[in-house]
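1. Predicted model and sequence below, questions to follow.
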Amino acid sequence: MSKHIAIGVDIGGTGIKAAPVDLRTGEFLEERYRIPTPQPSTPDAIARTVAKVITKFNPPTKVPIGVAFPGVVQHGIVKTAANVDDSWIGTDLRAIIRDYAGHDVHVLNDADAAGYGEFKYGAAHGRSGSILMTTLGTGIGTAMIVDGTLVPNLELGHIMIDGHDAEDRAAESARDRHGYDWEQWIEQLQKYYSEMERLLWPDLIIVGGGVSKSHHMFLPKLRLRAPIIPAELLNGAGIVGAAAAAAVSTRREKDESKAAEKSAKDAAKKAAKAAAKAAQATPPPPAPETTRPDPGIVPMSFSATPVLEHALARLEPLSQSHRDDLADAVTPGELWRTWYTRIPSPDEMVAEIEARLAAQARGEVAPWAVVDAATGRAVGMTTYLHLDEHHRRLEIGSTWLGRDAHGTGINPAMKLLLLERAFDVLGCIAVELRTHWHNHQSRAAIARLGAHQDGVLRQHQVWHDGTLRDTVVFSILDREWPAVRSGLEARLATRMAGLEVR
């Protein structure tokens, strides 16, 4: 498949349809493939079926795949479900399809997909301004594109008009439900589209759905400011729009990855330059004896977890007494759903703590709870990994902080405490930090420390969702530690003075 191809998948209440789409024209490159929607339409059943329709076209890894879903999809998570099982609500749509298909996908609401398809290749092709797409069927699906940008999940079919849900009176199904003739239904459509104009002031309104084939029966009779025209892509709009949206999302993520990588490199150079300048201005004191122990002499166990304290953060030996705080910390933003990192959910917290403590008992790790010094509540976890006392090396990893702790200075304070113990107390000659290739925020934060990127371990691990993880490896050497410490202390001094530290 060429770079101008993407695959679109449209999940419907009765069928799941897919086709490869030529992104230059919006045309199907092969005949649309359809499999009946399984009943009950549970997440596993539908994800398995979606994987089948994707596999039918055997797409290469780099081909974008978009999936349109009948419900609100926010950051990949299903928030509402129409015409499918209610168990979908709260499901990570992107992750579950990736698990079954073995291919990353991009997901969006089905009405948004149809609207974007009409904008790119159909009735609104080449148009600018505010475009409202409506689909009249069992309900009313809506999509809004403003100057080429999709505004997702508007659900404008559910606004209240005359005390009723709009789609109860104005959806195509209302004709049978209420026994409307054409004139009576047009009256309801007039109320609905007039309200849309009052609220949104669109430059163009597009009407899709099966009834749009009979557009001559009702569209000319509506009195509106904006032109109102029939859709052109009909039942292919969802597939085409999902494919087009996936191509845009893939390109955006690639650009963000490149930007993050450049930012990380620039930040590392800037941090190293600032740290070197600070170190030159204030030469570090002679290193204590413990930083250079005789070969074979271990100052103390690497797996020990004493309390480490800073004005902003305290590291306490991890225990089950932290579980409730940690369960609360991970809940905002549902961090455990982040696909490129491993963060326990509230229900998994007890088992996660137990696993880290068991590994510590075997001498494999040193786990801490990260505590906000201001509140005394645990807000995250961090761990020494890959303990190598003979070669005096370890890794700082398996770290996460609750969203409310971000930007508070807790993260740099935690890093300072961990690095001080590693270099000044345990006498390490090198400390590693590793992260997922797609965790751009983490990569930038590690580079900001002044850590050196050693390389990338490609296809390093089979990840929990079945994808292959590329691991980015950074390190700080003992000779680099004074400069890194100066940089951290400068950042924390700024925080303590009341200014923002990332």
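-> Noted; the coordinates are in hand. What you are looking at is a predicted structure, and each value in this text was computed from that prediction instead of being measured.
2. Helix, strand, or coil at Asp454?
-> Of the three states, Asp454 takes strand according to DSSP: H, G, I helix; E, B strand; the rest coil.
3. For the closest residue to Ala451 other than its chain neighbours, give me phi and psi.
-> In this structure, Ala451 finds its nearest non-sequential neighbour in Phe474, 4.0 Å apart by C-beta to C-beta, 6 or more residues apart in numbering. No exception for glycine: its C-beta is placed from N, CA and C like everyone else's. Its backbone dihedrals place Phe474 at phi -120, psi 160, with angles given as degrees, to the nearest 10.
4. Phe474: how many residues sit nearby?
-> 24 (other C-beta atoms under 10 Å).
5. And Val50, by the same measure?
-> Burial measure for Val50: 24 neighbouring residues, criterion other C-beta under 10 Å.
6. next one: Glu27
-> Counted by other C-beta under 10 Å, the residues lying close to Glu27 total 13.
7. any idea how far it lies from Ile89?
-> In this structure, Glu27 and Ile89 are 35 Å apart, going by C-beta to C-beta, to the nearest Å.
8. same deal with Asp454?
-> Here the criterion is C-beta to C-beta. By it, Asp454 lies 43 Å from Ile89.
9. Show me what the residue nearest to Ala451 is bridged to.
-> Leu433, Gln453 (DSSP bridges).
10. List every C-alpha atom in stretch 235-242, with coordinates, as PDB.
-> Listed in PDB are the C-alpha atoms of stretch 235-242, where the atom choice follows Å, rounded to 0.1, in the frame of the first residue of the first chain:
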ATOM      1  CA  ASN A 235     -23.200   5.400   3.700                       C
ATOM      2  CA  GLY A 236     -19.500   5.600   2.800                       C
ATOM      3  CA  ALA A 237     -19.000   8.800   4.700                       C
ATOM      4  CA  GLY A 238     -18.000   7.100   8.000                       C
ATOM      5  CA  ILE A 239     -15.400   4.900   6.400                       C
ATOM      6  CA  VAL A 240     -13.900   7.700   4.300                       C
ATOM      7  CA  GLY A 241     -13.900  10.200   7.200                       C
ATOM      8  CA  ALA A 242     -12.400   7.700   9.700                       C
END
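11. List the contacts of it.
-> Contacts with stretch 235-242, where a contact means C-beta atoms under 8 Å, 6 or more residues apart in numbering, come from 8-10, 12, 17-19, 21, 26, 28, 32, 66-68, 106, 108, 110, 112-118, 120-122, 208, 210, 231, 233.
12. Equivalent analysis for stretch 45-62, please.
-> The contact list for stretch 45-62 (C-beta under 8 Å, 6+ apart) reads 1, 3, 7, 9, 11, 16-20, 30, 33-35, 37-38, 65, 67, 84, 88, 96-97, 99-103, 105.
13. any low-confidence regions in the stretch 401-502 of the chain?
-> Counting by pLDDT under 70, the ranges of the stretch 401-502 of the chain that qualify are 465, 498-502.
14. Which parts of it are strands?
-> Chain-ordered strands for the stretch 401-502 of the chain, with DSSP state E, counting those that start in this stretch as the definition, fall at 430-436, 452-462, 468-477.
15. how about those strands, which one is nearest Asp44?
-> Comparing the strands of the stretch 401-502 of the chain against Asp44 with C-beta to C-beta, the closest turns out to be strand 452-462 (20.4 Å).
16. helices or strands up against the closest one?
-> For strand 452-462, the contact count by 3 or more C-beta pairs under 8 Å, 6 or more residues apart in numbering; DSSP states H and E identifies helix 237-281, strand 468-477 as packing neighbours.
17. Which of the contacts of stretch 235-242 fall in strands?
-> 8-10, 17-19, 21, 66-68, 106, 108, 208 (DSSP state E).
18. Need the max-distance pair from the residues you listed.
-> With distances taken as C-beta to C-beta, the most widely separated pair in the ones in strands among the contacts of stretch 235-242 is His106 and Gly208, at 21.5 Å.
19. neighbour-wise, which of these two wins?
-> More neighbours sit around Gly208 than around the other of His106 and Gly208, counting by other C-beta under 10 Å; the figures are 29 against 22.
20. Pull up the gap between the more buried one and Ala444, please.
-> Gly208 sits 42 Å away from Ala444, taking C-beta to C-beta as the criterion.
21. What is the distance between stretch 484-498 and the centre of its chain?
-> Centroid displacement of stretch 484-498 relative to its chain, using C-alpha atoms, centre = their mean, to the nearest Å, is 30 Å.
22. Over to stretch 427-439?
-> That offset, for stretch 427-439, works out to 23 Å (C-alpha atoms, centre = their mean).
23. tell me which residues of that stretch are tucked away?
-> Neighbour-count burial for stretch 427-439, with 16 or more other C-beta atoms under 10 Å as criterion, is recorded at 427-428, 430-439.
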